[in-house]
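Asks: Give the three-dimensional model of this entry:
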Amino acid sequence: MLEEIKNNIELSLSRYIKNLDKTYPLSTISPLLHRSIKNFLSRRGKRLRPLLFCLSYLGYSKKPAQGLYESALALELTHNFLLIHDDIIDKSDLRRGEPSMHKMMDNFLKGCRNIKFSGADLAIVTGDIIYAMAVHLFLSIDEKKIHKEKAMKKFSEIVVYTGAGQFIELLYGAQNISRIKKEDIYKIYDLKTAYYSFSYPLILGAVLAGEGEKELRKLFEYGRCLGRAFQIKDDILNLFAREKETGKPALTDLKEAKKTILLELTYQKLNPKNKSQINKLLGKKHLTSPELSHLHKIISEGEGLKLATQEISRYLDKAKKISASLRMRPRYKNLLESYTAELLKV
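Replies: Model (predicted):
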């Protein structure tokens, strides 16, 4: 059943990309824009957000409505919009193992003369267009008007909160790790990852199915626990997985001096000498390869990895307890639990 839902999402995405020019005649406006959007949306991904949305909707609805999978694509397109902007801010040249959007645009501009703008400028506009396409897609489902209106309000909150998370993460990045509290980092995790990747996909599906506020609150907290576990795992992969496994440049969190739970837990257990070294290195604008390696070594030899893994287990246990109280139909609840267990396995 899970594979069937995944296949339906992929088929809907393929159809959407194939018929993109019928919806918006972008190829006649700019072949570069049309080509770049199709390239970026076609890349392989987990389709996590549309999948959670579908599982939630199917778990609460009495009868699946037409347009479900088209609406689900809105979550995937929103994700792509956010990735494009995120890569510009992080100065990441790779996304899903291929050039990021701004890098694709930079490559195109190499053959142009007298250009007074950058690939990042074009990528920002491209991302904005993809988000507008997502809003249009979200209204595809044939559900009651009152449910769609409520869901649309929730949908608009995704980018507000994710943007706020990006905003404070940038500000925290300039601060010394000794001044950042664990609660500050989890606030960023909630806003930047947990809400838009887990909580909102789950509650949007339930809202469209007509669920009440009590169940929505439980779903939201369930998603928040899963999202925190997911982000901690992502932090671990950023430091210890190979580039080809993640599809993103290695050690980007260290290069950008991002304050992660893994780093915070490591730092709290270090001796004064290593704390001083971390403060010094993270305070530098640019780290050399030897400095990055030294920073990586300190973290690898510290207690942070073990403690971060324990944090993942703690949040998965909390999610499991909440899941037991959900009114979702057992068939779809089991699918949701098995999928997230595999996704968050360390």
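
Asks: pLDDT weak spots in the chain?
Replies: Along the chain, segments meeting pLDDT under 70 span 242-251.

Asks: Recalculate using a threshold of 50.
Replies: Under the criterion pLDDT under 50, no range of the chain is flagged.

Asks: Please enumerate the strands of it.
Replies: Counting by DSSP state E, the chain has strands at residues 94-95, 98-99.

Asks: want to throw those strands into a markdown table with mean neighbour count and distance to residue 153?
Replies: Heads up, the C-betas are built off the backbone N, CA and C, glycines and all. Formatted as a markdown table, the strands of the chain follow (neighbours: other CB atoms under 10 Å; distance: least, CB to CB, whole Å):
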| stretch | mean neighbour count | distance to residue 153 |
| --- | --- | --- |
| strand 94-95 | 20 | 30 |
| strand 98-99 | 17 | 35 |
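
Asks: out of these, nearest to residue 173?
Replies: Among the strands of the chain, the nearest to residue 173 by CB to CB is strand 94-95 (20.3 Å).

Asks: would you list every one of the helices in the stretch 151-300 of the chain?
Replies: Secondary structure of the stretch 151-300 of the chain by DSSP state H, counting those that start in this stretch: the helices cover 182-189, 200-208, 213-240, 243-246, 252-255, 261-268, 272-282, 289-301.

Asks: tell me the most buried of those helices?
Replies: helix 200-208 (a mean of 28; mean count of other CB atoms under 10 Å).

Asks: Check the offset of that one from the chain's centre.
Replies: For helix 200-208, the separation from the chain centroid amounts to 17 Å (computed by CA atoms, centre = their mean, to the nearest Å).

Asks: Show residues contacting it.
Replies: Applying CB atoms under 8 Å, 6 or more residues apart in numbering, the contact partners of helix 200-208 are 48-50, 52-61, 65, 71, 75, 141, 143, 147-148, 150-151, 154-155, 157-158, 215-216, 219-220, 222-223.

Asks: And for stretch 11-31?
Replies: For stretch 11-31, contacts defined as CB under 8 Å, 6+ apart pick out 33-35, 37-38, 41-42, 47, 69-70, 72-73, 76, 133, 137.

Asks: Show the end-to-end separation of it, please.
Replies: This stretch, stretch 11-31, spans 24 Å end to end (CA to CA, to the nearest Å).

Asks: Pull out the buried residues from it.
Replies: Neighbour counts over stretch 11-31 (16 or more other CB atoms under 10 Å) mark 12-13, 16-17, 20, 24, 26 as buried.

Asks: Okay, and which of those map to helices?
Replies: 12-13, 16-17, 20, 26 (DSSP state H).

Asks: Could you chop this protein up by domain?
Replies: Domain assignment for the chain by automatic domain parsing gives 1-42+66-142, 156-346.

Asks: So what's the residue count around residue 257?
Replies: By other CB atoms under 10 Å, 20 other residues sit near residue 257.

Asks: which one is it nearest to, not counting chain neighbours?
Replies: In space, and not counting its chain neighbours, residue 257 is closest to residue 282: 4.6 Å by CB to CB, 6 or more residues apart in numbering.

Asks: was I right about that neighbour contacting residue 255?
Replies: No - when contacts are counted by CB atoms under 8 Å, residue 282 is not listed as touching residue 255 (10.2 Å).

Asks: Between the two ends of stretch 318-335, how far is it?
Replies: With CA to CA as the measure, stretch 318-335 spans 18 Å from end to end.

Asks: Can you list the neighbours in contact with it?
Replies: Under the contact criterion CB under 8 Å, 6+ apart, stretch 318-335 has outside partners 1-2, 55-56, 58-60, 211, 215, 218-219, 221-222, 225-226, 229, 336-337, 340.

Asks: for stretch 211-227, same thing?
Replies: With contacts defined as CB under 8 Å, 6+ apart, stretch 211-227 is touched by 52, 56, 60, 189-190, 193-195, 197-203, 206-207, 315-316, 318-319, 322-323, 325-327, 340, 344.

Asks: Using neighbour counts, trim the residues you listed to the buried set.
Replies: By neighbour count, with 16+ other CB under 10 Å, the contacts of stretch 211-227 hold 52, 56, 60, 189-190, 193-195, 197-203, 206-207, 315-316, 318-319, 322-323, 326, 340, 344 as buried.

Asks: And for residue 310, the neighbour number?
Replies: The tally of other residues near residue 310 (other CB under 10 Å) stands at 11.

Asks: scratch that, residue 115
Replies: Using other CB under 10 Å, residue 115 has 11 other residues around it.

Asks: Please report how far it lies from residue 197.
Replies: 36 Å (CB to CB, to the nearest Å).

Asks: Over to residue 302?
Replies: Look at residue 302 and residue 197: by CB to CB, they are 28 Å apart.

Asks: ditto for residue 301
Replies: Distance, residue 301 to residue 197, by CB to CB: 31 Å.

Asks: residues contacting residue 71?
Replies: 53, 137-141, 208.

Asks: switch the cut-off to 6 Å
Replies: Shown in contact with residue 71 (CB atoms under 6 Å, 6 or more residues apart in numbering): 138, 140-141.

Asks: do residue 35 as well
Replies: Residues in contact with residue 35 (CB under 6 Å, 6+ apart): none are found.
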